[in-house]
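Chemist: Just need the structure, nothing else, for what follows:
(one chain, ligands or ions: 2)
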Amino acid sequence: MSSARLAAARPPALLRMSTLFLRTLRDDPAEAEVASHRLLVRAGYIRRAAPGIYTWLPLGLRVLAKVEAVVREEMEAIGGQEVHFPALLPREPYEVSGRWTEYGPNLFRLQDRKKADYLLAPTHEEMFTLLVKDLFSSYKDLPLTLFQVQTKYRDEARPRAGLIRGREFVMKDSYSFDVDDAGLEASYAKHRAAYRRIFDRFGFEYVIVSAHAGAMGGSRSEEFLAKSPIGEDTYVECRACGYAANVEAARTPVPEPVPYDDAPAAHVEDTPGTPTIDSLVAHLERTLPRDDRPWGAADTLKNVLFRLTHPDGTTEGVAIGVPGDREVDAKRMEAAFYPAELVPFGEEDFAAAPALVKGYIGPGALGEERSSGIRYLVDPRVVEGSRWVTGADEPGRHVVDLVAGRDFTADGTIEVAEVRAGDPCPNGDGVLETARGIEMGHVFQLGRKFAEALDLKVLDVNGKAVTVTMGSYGVGVTRAVAAIAEANHDEKGLAWPAHVAPAHVHLVATGKDAEVFDAAEALALQLQAAGAEVLYDDRPKVSPGVKFKDAELLGVPLVVVVGRGLADGLVEVRSRAGDDAVQVPVDEVLEHVLARVEAAVAG
Ligand code: ATP
Ligand code: MG
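Modeler: Ligands and ions are numbered 1, 2, ... in the order given. Next comes the predicted model:
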């Protein structure tokens with residue numbers, strides 16, 4: 001994408017609609033599910049080349065270059081130095097880190113003519129680690145932050161929503177290198193602040209959430225999510241304390257252990273015709289009513305089985321125990337077991353595990369030490385002393401008053417139960433709200449994982465070799481173009497913020513009069529000369545209606561119309577967003593427009 005950078009650095013050329021490589025479309029592309037995708041294609045910014053792979057047309061490339069420029073400026077402001085790696089990389093470093101296997105089918109793999117394995121990089125931790133190892137060797141060389149704005153490849157299972165989830169996309173990735181934990185903490189804080197500035201400048205609402213750290217094996221990690229109903233990520237937020245987390249990483253407050261000295265012994269009950277939690281609760285209410293309160297679904301322990309397939313092809317069964325009023329959340333499962341893929345237990349899996357009685361599976365059969373040998377992980381609410389109604393491992397029977405820690409012990413706990421609005425905040429008294437977002441950026445304290453795997457060490461003050469500690473930080477650059485479009489459009493088209501718009505001014509000449517076109521042309525050239533970027537609709541035989549529709553679709557923030565009013569010495573100026581048209585005397589229009597452009601670009 002270095003060409004985009006050069007394009008941005010050149011003095012602006014007047015964009016003439018009569019010759020511009022642009023066709024706006026009346027109809028939505030068939031496969032477009034979200035507004036940004038629909039509008040970016042209809043307005044002629046991008047074209048699909050293959051599923052999840054897009055071509056950038058002139059106007060789109062200008063927006064992309066401006067978005068990249070924002071990212072570059074903020075990375076340079078924290079001392080980041082830009083490099084550029086190839087996208088085509090050899091297998092070896094990814095083999096050493098384990099990711100050649102771990103990435104599984106998400107990796108684009110290929111071979112050269114000598115049958116050596118290559119990949120198209122999905123992210124570059126390995127290469128940055130090796131580059132620094134190649135050239136630096138002392139604590140005096142650190143701290144160091146390197147970044148690139150580069151094309152990434154991931155064979156996503158579900159490319160969707162145009163630029164939002166592509167299989168080829170541009171990412172800004174940066175990496176920090178420090179000699180100790182305090183250094184990493186400082187580098188991370190700097191990046192976090194830079195990301196706040198970047199996303200403030202992009203002009204969409206966003207939230208910073210704790211993220212799941214598991215995938216890259218590091219410790220602290222946060223995501224920047226653009227708030228959007230079409231986002232694939234769900235996050236929780238507590239108004240009272242400000243806690244915010246991706247649901248993948250949301251913590252469940254762990255209840256205190258419950259005393260159980262007086263608890264009755266567990267007893268098995270016939271529960272015919274109770275295949276569902278609701279029918280079981282109704283049955284308990286009829287046959288074994290409680291003194292204190294009615295039975296609820298949360299009194300039951302539901303055990304759900306999955307088959308995991310690890311990247312190396314081995315498989316494993318795992319049972320998850322959650323309170324019966326909650327489902328197991330698929331995204332939380334995926335995150336918790338990454339990089340394994342998982343599917344619910346099927347008929348064959350049950351056939352291979354005769355100890356499990358479908359519909360009546362209980363802790364009695366589950367666990368590495370027990371008859372099924374299946375790893376059993378339970379929700380954190382299953383604390384010592386908590387009492388449950390759960391399957392008795394016999395058809396039509398359940399066990400009541402089964403006490404955790406007395407009657408059964410799981411192999412561990414796991415955070416995969418669904419998180420709901422109204423759930424308690426893990427930090428205190430507040431309650432959680434839920435909303436959706438698009439992951440725009442990710443900051444990650446990697447620690448020493450990659451440095452250890454690839455042996456990146458430097459000599460410290462005492463001349464002792466120490467392993468470097470790293471951070472990795474990503475911004476989805478092409479995804480940002482889509483997220484900005486998502487946040488800035490209406491039913492008629494796009495409505496770009498001035499500093500990322502393909503031009504500052506959309507100048508429309510209407511009618512047939514040569515005078516009109518001459519005046520518009522003169523104004524266009526004057527604006528350009530003063531530094532404003534102008535998209536000039538100079539098409540001679542296109543109706544005003546079509547021109548105005550295109551202006552609305554293309555979304556340049558300021559629209560200037562030279563037309564009928566010129567006879568009275570007036571030019572119309574209006575913003576794309578509002579119905580704020582003003583008539584400006586022709587000899588004042590240059591100054592008027594420049595002032596508005598300057599104000600808009602300054603934000
Ligand atoms: P996701 O959870 O959306 O798949 P990720 O966690 O795999 O993303 P990272 O590896 O953290 O993504 O990549 C850094 C940034 O790159 C993300 O925050 C996102 O903005 C962007 N990104 C990741 N995958 C894609 C994609 N398929 N298309 C466009 N942008 C992407
Ligand atoms: Mg991420």
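Chemist: number of nearby residues for the nearest residue to residue 589 once chain neighbours are set aside?
Modeler: Spatial nearest neighbour of residue 589, chain neighbours left out: residue 571 (4.6 Å); criterion: C-beta to C-beta, 6 or more residues apart in numbering. (Glycine included, C-beta is placed from N, CA and C.) Residue 571 has 25 neighbouring residues, counting by other C-beta atoms under 10 Å.
Chemist: ok, now residue 593?
Modeler: Using other C-beta under 10 Å, residue 593 has 24 other residues around it.
Chemist: Contacts only, for it.
Modeler: Residue 593 makes contact with 505, 527, 532, 558, 560, 573 under the criterion C-beta atoms under 8 Å, 6 or more residues apart in numbering.
Chemist: Tell me which two of those sit farthest apart.
Modeler: 532 and 573 (12.6 Å; C-beta to C-beta).
Chemist: and residue 189, how far is that from residue 196?
Modeler: Relative to residue 196, residue 189 is positioned 11 Å away (C-beta to C-beta, to the nearest Å).
Chemist: Between these two, point out the one with more neighbours.
Modeler: Taking other C-beta under 10 Å, residue 189 and residue 196 do not tie; residue 196 has more neighbours (15 against 12).
Chemist: part of a helix, is that one?
Modeler: Yes. Secondary structure of residue 196 (DSSP: H, G, I helix; E, B strand; the rest coil): part of a helix.
Chemist: residues contacting it?
Modeler: Contact analysis of residue 196 by C-beta under 8 Å, 6+ apart lists residue 208.
Chemist: Bridging across strands, which residues link to the residue of the stretch 351-500 of the chain found nearest ligand 1?
Modeler: For the stretch 351-500 of the chain, the residue closest to ligand 1 is residue 476, as judged by C-beta to the nearest ligand atom, at 2.2 Å. Judged by DSSP bridges, the bridge partners of residue 476 are residue 171.
Chemist: which bits of this structure sit near ligand 1?
Modeler: Contacts of the chain with ligand 1, taken as C-beta under 6 Å from any ligand atom, map to 123, 154, 156, 165-166, 169, 171, 439-442, 474, 476, 478-479.
Chemist: circling back to that earlier point, dump the contacts of residue 593 into a markdown table; add neighbour count as well.
Modeler: Shown next, in a markdown table, are these (neighbours: other C-beta atoms under 10 Å):
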| residue | neighbour count |
| --- | --- |
| 505 | 27 |
| 527 | 25 |
| 532 | 22 |
| 558 | 22 |
| 560 | 26 |
| 573 | 20 |
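Chemist: Go through those residues and name the one nearest residue 178.
Modeler: So of the contacts of residue 593, ranked by how close each gets to residue 178 (C-beta to C-beta), first place is residue 532, at 43.7 Å.
Chemist: Mind jotting down where the strands sit in the stretch 51-200 of the chain?
Modeler: With strands called from DSSP state E, counting those that start in this stretch, the stretch 51-200 of the chain shows them at 53-56, 81-82, 88-90, 108-111, 117-120, 144-153, 168-178.
Chemist: and the ones you listed, which is most packed in?
Modeler: Counting by mean count of other C-beta atoms under 10 Å, strand 168-178 has the highest mean neighbour count of those, with a mean of 24.
Chemist: low pLDDT regions in this structure?
Modeler: Residue ranges of the chain with pLDDT under 70: 1-12, 214-218.
Chemist: Who are the packing partners of the longest strand along it?
Modeler: In terms of residue count, the longest strand belonging to the chain (DSSP state E) is strand 432-447. Applying 3 or more C-beta pairs under 8 Å, 6 or more residues apart in numbering; DSSP states H and E, one finds that strand 432-447 contacts helix 181-202, strand 206-210, strand 221-227, strand 233-238, strand 469-476, helix 477-487.
Chemist: make it 7 Å
Modeler: With contacts taken as 3 or more C-beta pairs under 7 Å, 6 or more residues apart in numbering; DSSP states H and E, strand 432-447 sits against helix 181-202, strand 221-227, strand 233-238, strand 469-476, helix 477-487.
Chemist: Could I get the full set of helices for the stretch 501-603 of the chain?
Modeler: Along the stretch 501-603 of the chain, the segments classed as helices by DSSP state H, counting those that start in this stretch run 514-529, 544-554, 589-602.
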